[in-house]
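S.K.: next input, structure requested:
(2 chains)
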Number of protein chains: 2
Amino acid sequence: MNANIPKSLQKRVVIVGGGFGGLKLAQEILNSDYQVVLVDRNNYHQFQPLFYQVATAGLEPSSIAFPFRKIFHKNRNFHFRLTEVKKIDPVEKKIETEIGEITYDYLIIATGADTNFFGNQQIAQNSMPMKSIAEALALRNAFFQRLEDALNSSTVEEKEMNMNIVIVGGGATGVEVAGTLAEMRSYILPKDYPEMDFKSMKIILLEGSSRVLNAMAEVSCIKAKEYLTKMGVEVKLDTHVIDYDGSYVSLKNGEKIPTKTLVWAAGIIGNRIEGLPEESYIQGGRMVVNAFNQVQGTDSIFAIGDVACMITEDYPRGHPQMAQPAIQQGKNVANNLRNLAKNQPLKPFVYKNLGSMATVGRNKAVVELPGYKFQGFFAWLVWLVVHLKSILGIKNKFVVLLNWIWNYMTYNLSLRLIIKPKSKKDF
Amino acid sequence: MNANIPKSLQKRVVIVGGGFGGLKLAQEILNSDYQVVLVDRNNYHQFQPLFYQVATAGLEPSSIAFPFRKIFHKNRNFHFRLTEVKKIDPVEKKIETEIGEITYDYLIIATGADTNFFGNQQIAQNSMPMKSIAEALALRNAFFQRLEDALNSSTVEEKEMNMNIVIVGGGATGVEVAGTLAEMRSYILPKDYPEMDFKSMKIILLEGSSRVLNAMAEVSCIKAKEYLTKMGVEVKLDTHVIDYDGSYVSLKNGEKIPTKTLVWAAGIIGNRIEGLPEESYIQGGRMVVNAFNQVQGTDSIFAIGDVACMITEDYPRGHPQMAQPAIQQGKNVANNLRNLAKNQPLKPFVYKNLGSMATVGRNKAVVELPGYKFQGFFAWLVWLVVHLKSILGIKNKFVVLLNWIWNYMTYNLSLRLIIKPKSKKDF
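M.R.: Below is the predicted model of the structure:
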């Protein structure tokens, strides 16, 4: 069985994964002599930096999801296949997918990373990760269901367990979720649930290292923690979770925190596809690549973005697993594929650090641009503009902006819906 | 176990179901001497007339769903419980729900109606109904998944089976879904799937009676059919479906139509709750009520809307199962509950027919107002304004309007996403 990609005299570039890196690469290679095949398990690109707003009822999934077929409208050189890749066969130069085989001349692995539970099955089973729109939606549903459950709790202990929220991982996702929930607790929930006392609702952020936003400079970390504390988030640093049974979070220091909602944003691991030798992988499930993003020991397989690990002098542990390195690598690989077509030499990847930022709440963000660090209202504005600019599609930008203005003015995150598609056949 | 509704000296009105009727009643009775408890299995009110736009990727679920808690913000006399009602105990005056018992002084059954499969288990199993936002979302996911499947079909027969869509039931829902899909096939799908030939995609509307929009006047029926036919929908009247195995629709005349997508909008049946005598029910699972909407043989239980059947001279088979009778009955019952509190006599319900309408496509609708029937562009504008006005919330109105303008200008229904929340615990 093969996946029915039309035969073409052109060489074929197969891209696995349409995240920031894969999408950029597809867009850049499009008007070339290559036939382009994009394979993804979703039919849309996901804008990861705003998952937390979907999870906290600020944005609709559709505002940060963009159908691939729409992006590549009318392009007869481009083929999208909605499927999961099972295996790579580097000898025959083909991939095996759920819908059949696809041969390639060049393969780009842009599968990104998924939540790392560090082998703890119980945590994986009982906690809520946030690495896809589907997971963010599940989290939104869970939040609001727990509050309904809290109303019907027969004991004080059960009630607290339903109301408390524990977030593990003080990176951008953890900080942003904690901040938004704290604002919701202050401004919205008491109006929605006049029968309930939200003073007893705890929002706790646990971080294993000695600061939140660990990857940023100290000034940002300190400010972010200050913001969170002011907003009523209990930030516990140097704190390690060892288990979670769905009711109690067990900490290394012996403490137990009662909660029915554990958000797990404590680490990521590369999304691996079978078929390549074990030596291709390094810590965190990332694939070792050379300066051209070629996977060790191959010249027709590239890896880019979160799943790739290019060890350089400046980045001895690989580039940060964020949008920018993925986008820039996608662009560079696209250029190099064009060079290959013309028998020209490949250009090594050079990472240009554009900075990083995180938002904690209304008027509260921390921003680090090259040579300039700032926090507060202006940082928050910069955060808004940068993210709005990055969202695909005019209509999406407009809808997101409208939502942000609305939420800002009314304090009212309006999507407090528990919507689950009915299971029907496999839907 | 009881459902933790705070005790109050006021008499308690319990409303089961927050559709058009239940919601109206709750709003009207709110500032009275009653404690109001609304029970629904969703935490939001659903705007049914636009389900078809959610199913066809024109609107987000959130645009036509409104959280009950937001509607009744800060009101300490109002209590919402997210649960399903299992049984009524008319002797003890209480209902049994999944989260415990709730006692009532007055009970209002506003449970609406669900899809009627007329006892055919196979059709129920294999077809897609459209009586909730969740079902509309499932349908949207199915549409787009089938197109992806069509790309990977190995035979022509399999391909056609994946592409064809059969809609059963020529009421407003069936007509609207068929029309929107036909437009999508003309304007959008060929751009999304340049590899595919949409001339071979059939959209078939099956109706058992001799006309579509059966409940409207003949002029509207004829025009609607004309519109549909022009748009390339195959309309088959006097056609009865006897079975569907997931691949072939079997008609009474022996014909078989290959399709993987059968939309079932062929009939509805009242949502029944256990505990009342069998004599309370009439054809279509509706509850017989008197002129005050009191359920036969009781004076403290009322039924309103789709689930109620008030037999009058003008409506010997009960009022039409649409939004208006439900809303008007909700209002009248609220007034009568106030009268009961003051020991004043009850007022009988008088239905004011405000007309009916249906839209078939761009610039194409049929409208019947009392004494005035018209079709075409102006009808379509009237349809837009009436529906926009009826949507709850300023922001929702604005977002829906924005979507409509956008879709109208670009021909581009933008929500072609297959999004399913990941199953995690019970979410």
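S.K.: tell me the contacts of A:M130?
M.R.: Taking Cβ atoms under 8 Å, 6 or more residues apart in numbering or on different chains as the contact definition, A:M130 lies against A:F51, A:Y52, A:A55, A:T115, A:A136, A:L139, A:T173, A:V177, A:V263, A:W264, A:A265. Glycine gets a C-beta too; all of them are placed from N, C-alpha and C.
S.K.: who's in contact with A:V382?
M.R.: With Cβ under 8 Å, 6+ apart, A:V382 has these contacts: A:M357, A:A365, A:V367.
S.K.: go back to those and keep what's next to chain B.
M.R.: Near chain B, taking Cβ under 8 Å from any Cβ of the partner chain as the test, no member of the contacts of A:V382 is found.
S.K.: a markdown table for these, including pLDDT, neighbour count and distance to B:Y372?
M.R.: Output for the contacts of A:V382, formatted as a markdown table (pLDDT from 0 to 100; neighbours: other Cβ atoms under 10 Å in any protein chain shown; distance: Cβ to Cβ, whole Å):
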| residue | pLDDT | neighbour count | distance to B:Y372 |
| --- | --- | --- | --- |
| A:M357 | 93 | 23 | 58 |
| A:A365 | 95 | 27 | 56 |
| A:V367 | 95 | 23 | 60 |
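S.K.: circling back: so which of the contacts of A:M130 is the closest to B:G285?
M.R.: Minimum distance to B:G285 across the contacts of A:M130 is 37.1 Å, recorded for A:L139 (Cβ to Cβ).
S.K.: burial count for the closest one?
M.R.: 25 (other Cβ atoms under 10 Å in any protein chain shown).
S.K.: and if you look at A:S390?
M.R.: Applying other Cβ under 10 Å, I find that A:S390 has 14 neighbouring residues.
S.K.: same question for A:T410.
M.R.: A:T410, neighbours per other Cβ under 10 Å, totals 13.
S.K.: now do it, the pLDDT please.
M.R.: Per-residue pLDDT puts A:T410 at 73.
S.K.: do the same with A:K352
M.R.: At A:K352, pLDDT is 95.
S.K.: how much space is there between it and B:L340?
M.R.: 74 Å (Cβ to Cβ, to the nearest Å).
S.K.: one more: A:Y193?
M.R.: 30 Å.
S.K.: near chain B, which residues of the stretch 201-350 of chain A show up?
M.R.: Taking Cβ under 8 Å from any Cβ as the contact definition, the stretch 201-350 of chain A meets chain B at A:G246.
S.K.: helix/strand/coil for A:G318?
M.R.: coil (DSSP: H, G, I helix; E, B strand; the rest coil).
S.K.: now it. Nearest residue, chain neighbours left out?
M.R.: A:C309 (3.7 Å; Cβ to Cβ, 6 or more residues apart in numbering or on different chains).
S.K.: ok, that neighbour - contacts?
M.R.: Counting by Cβ under 8 Å, 6+ apart, the residues that A:C309 touches are A:I282, A:Q283, A:G284, A:R286, A:M287, A:V288, A:V289, A:R317, A:G318.
S.K.: so what's A:Q35 scoring on pLDDT?
M.R.: On the pLDDT scale, A:Q35 gets 95.
S.K.: so what's it up against?
M.R.: A:I5, A:S8, A:Q10, A:K11, A:R12, A:V13, A:N77, A:H79.
S.K.: which among the residues you listed count as buried?
M.R.: Those of those that meet the buried threshold are A:I5, A:R12, A:V13, A:N77, A:H79, by 16 or more other Cβ atoms under 10 Å in any protein chain shown.
S.K.: and which of those residues is nearest B:S153?
M.R.: Nearest member of the buried ones among the contacts of A:Q35 to B:S153, counting by Cβ to Cβ, is A:I5, at 13.7 Å.
S.K.: which residues does that closest one contact?
M.R.: Contacts of A:I5 by Cβ under 8 Å, 6+ apart are A:R12, A:Q35, A:V37, A:H79, A:R81, A:I102.
S.K.: same question, A:K11
M.R.: A:D33, A:Y34, A:Q35, A:D105, A:Y106, A:A341.
S.K.: could you do A:H73 as well?
M.R.: By Cβ under 8 Å, 6+ apart, the neighbours of A:H73 are B:K191, B:D192.
S.K.: how many neighbours does the spatially closest residue to A:D40 that is not a sequence neighbour have?
M.R.: Closest residue to A:D40 apart from its sequence neighbours, by Cβ to Cβ, 6+ apart: A:G18 at 4.3 Å. Residues near A:G18, counting by other Cβ under 10 Å, number 27.
S.K.: what does the pLDDT read for A:G18?
M.R.: 97.
S.K.: A:W380 - that's part of a strand, no?
M.R.: No - secondary structure assignment (three-state DSSP) places A:W380 in helix, not in a strand.
S.K.: gap between it and chain B?
M.R.: 22 Å (Cβ to the nearest Cβ, to the nearest Å).
S.K.: what's the neighbour count on that residue?
M.R.: 20.
S.K.: just checking, it touches A:N363?
M.R.: Yes - using Cβ atoms under 8 Å, A:W380 makes contact with A:N363 at a distance of 5.1 Å.
S.K.: sorry, back to before: and the contacts of A:M130, which of them are in helices?
M.R.: Judged by DSSP state H, helices contain the following of the contacts of A:M130: A:F51, A:Y52, A:A55, A:A136, A:L139, A:T173, A:V177.
S.K.: re earlier: checking the residue nearest to A:G318 next. Helix, strand or coil?
M.R.: strand.
S.K.: what does the stretch 1-150 of chain A put close to chain B?
M.R.: A:1, A:3-4, A:6, A:42-44, A:60-62, A:65, A:67, A:69-70, A:73-76, A:79, A:81-82, A:99-100, A:126, A:128, A:132-135, A:137-138, A:141-142, A:144-145, A:148.
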